[in-house]
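K.L.:
Structure for this input, please:
(one chain, ligands or ions: 2)
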Amino acid sequence: MNAQAAFMDTDFTQLLVNTVDSGEDANKRALTNTVLAPRFYTTDFDAMDKIDVSSVRQEWDIMMQEYEGDNNHDHFQRDEGFALEVKSLMEKLDENLKQEFYDFLIGSLTSEFSGCILYNEVRKNIDNPDIKKLMSFMARDESRHAGFLNQSLKDFNFGIDLGELKRTKKYTFFKPKFIFYATYLSEKIGYARYITIFRQLEKHPDKRFHPIFKWFERWCNDEYRHGESFALIMRADPKLLKGINIWWIRFFLLAVYATMYVRDHTRPALHNAMGLKATEYDFAVFRITSEISKQVFPILLDIDHPKFKEGLDQLTALSLKMNETNEKSGLFKYLKKGWLAAQAFVVFTKLYFIPVIKSELPQQVRLSPSW
Ligand SMILES: [Fe+2]
Ligand SMILES: [Fe+2]
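P.N.:
Numbers count the residues shown, from 1 in each chain. Ligands and ions are numbered 1, 2, ... in the order given. Okay, the predicted model is just below:
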């Protein structure tokens, strides 16, 4: 995927359904493929089979012991009060918040399940014992996460048919190195998002409108460890972290950050309900992710550069206009969408060329989750 292809995608923000009022709607929403929606991936399995982690063996083996120890094996079970609590809490919520929360659950489920499918497919198609073992542990975790989210969707009769989703959703092919950059970032950003929400609701329990948020602390440690795995894989092959690849890292950092920012700004009610402002929340998440990513990426985005936030706000405004255009019809709609996509591409390019911050790679790769 390249930046231009992403921004010229005519389905920039078009959802297959606007509101989720039934199980059918929820399943259609999960199928949606837009620039902002989570995707399913496939990759080059022969190249995956050739990964060699011998240069990071010591840290790798410690990590594998942690996976084996499986300290979250009993975590993804609901207690008796869960469904009852959901019922009484959700009855009080207004329709906007409910819709944004459903979108949050469906989006999270789709990305958890996306990891589960990818890791399982890699596992099945390779013989490399290190990577095969890692993939089976990560698939185990993601399948628990996806199942746990689906239980919450089932409370509203919006359960997602995962078998059907696996068969019918479009798959995007990424070379292994792009899988590493993108997946590393999505695991670490996932950690940063969950821990930021958990800490906020720990301080303000009255804002915890759904019990699922209580599970986020131990949950996000799984995501953190998945990110550590990709950090070790990349550090084991230094050419992935220099030369032209630095431009790719820069692209993925920006694409992941910008997507999150735009998407979160389309869900104001969800953030308000938790007592968070979308902009502050996103910048807190960027800061944590940038700090962690020093373990592997030799550059950081300058998130404090005045043009950075300005550019993200412009992308958000363009995305909202794109949504409005989706409601129109005919030739005008396509011209307008093309024009908005071209503008988004220009803004993205400007953001891409904001000077980055260089960072020295530490000798020890692994870092403990201390946020
Ligand atoms: Fe997960
Ligand atoms: Fe994960």
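K.L.:
what does the protein have sitting close to ligand 1?
P.N.:
112, 142, 145 (CB under 5 Å from the ion). C-beta coordinates here come from the backbone N, C-alpha and C atoms, glycine included.
K.L.:
helix, strand or coil for the first one?
P.N.:
With DSSP: H, G, I helix; E, B strand; the rest coil as the basis, the three-state label of residue 112 is helix.
K.L.:
pretty sure it is touching residue 145, no?
P.N.:
Yes. Counting by CB atoms under 8 Å, residue 112 touches residue 145, with 4.2 Å between them.
K.L.:
what mean pLDDT would you report for stretch 280-291?
P.N.:
Stretch 280-291 shows a mean pLDDT of 97.
K.L.:
again with stretch 237-247
P.N.:
In this model, stretch 237-247 carries a mean pLDDT of 97.
K.L.:
Between the two ends of it, what distance do you get?
P.N.:
One end of stretch 237-247 to the other measures 17 Å (CA to CA, to the nearest Å).
K.L.:
now swap in stretch 47-57 and tell me
P.N.:
Start-to-end, stretch 47-57 (CA to CA) is 19 Å.
K.L.:
swap in stretch 119-134?
P.N.:
Stretch 119-134 has an end-to-end distance of 9 Å (CA to CA).
K.L.:
Show residues contacting it.
P.N.:
42-43, 45, 48-51, 53, 60, 64, 67, 135-136, 138-139, 142, 229 (CB atoms under 8 Å, 6 or more residues apart in numbering).
K.L.:
Find the closest residue to ligand 2 in the stretch 151-300 of the chain.
P.N.:
Sorted by distance to ligand 2 under CB to the ion, the residues of the stretch 151-300 of the chain start with residue 226, at 3.8 Å.
K.L.:
so what's the nearest residue to that residue once chain neighbours are set aside up against?
P.N.:
Spatially, and ignoring its direct neighbours in sequence, residue 226 is nearest to residue 187 (4.2 Å; CB to CB, 6 or more residues apart in numbering). Listed by CB under 8 Å, 6+ apart, the contact set of residue 187 reads 115, 223-224, 226-227, 230.
K.L.:
Downstream of the worst-scoring helix or strand of the chain on mean pLDDT, the next helix or strand is which one?
P.N.:
Among the helical and strand segments of the chain, the one scoring lowest on mean pLDDT, DSSP states H and E is helix 3-8, with a mean of 38. Sequence order places helix 23-31 as the next helix or strand after helix 3-8, per DSSP states H and E.
K.L.:
ok, and what's touching the following helix or strand past that following helix?
P.N.:
Sequence-wise, the next helix or strand downstream of helix 23-31 (DSSP H and E) is strand 40-42. Contact with strand 40-42 is made by 114, 117-118, 121, 166, 169-174, 179, 182, as judged by CB under 8 Å, 6+ apart.
K.L.:
Now the two most distant members of those residues.
P.N.:
Distance extremes for the contacts of strand 40-42: the farthest pair is 166 and 182 at 19.6 Å, using CB to CB.
K.L.:
more neighbours, those two?
P.N.:
Of the pair residue 166 and residue 182, residue 182 is the one with more neighbours under other CB atoms under 10 Å, namely 21 against 15.
K.L.:
hang on, isn't the more buried one packed against residue 256?
P.N.:
Yes. Between residue 182 and residue 256 there is a contact under CB under 8 Å: 7.0 Å.
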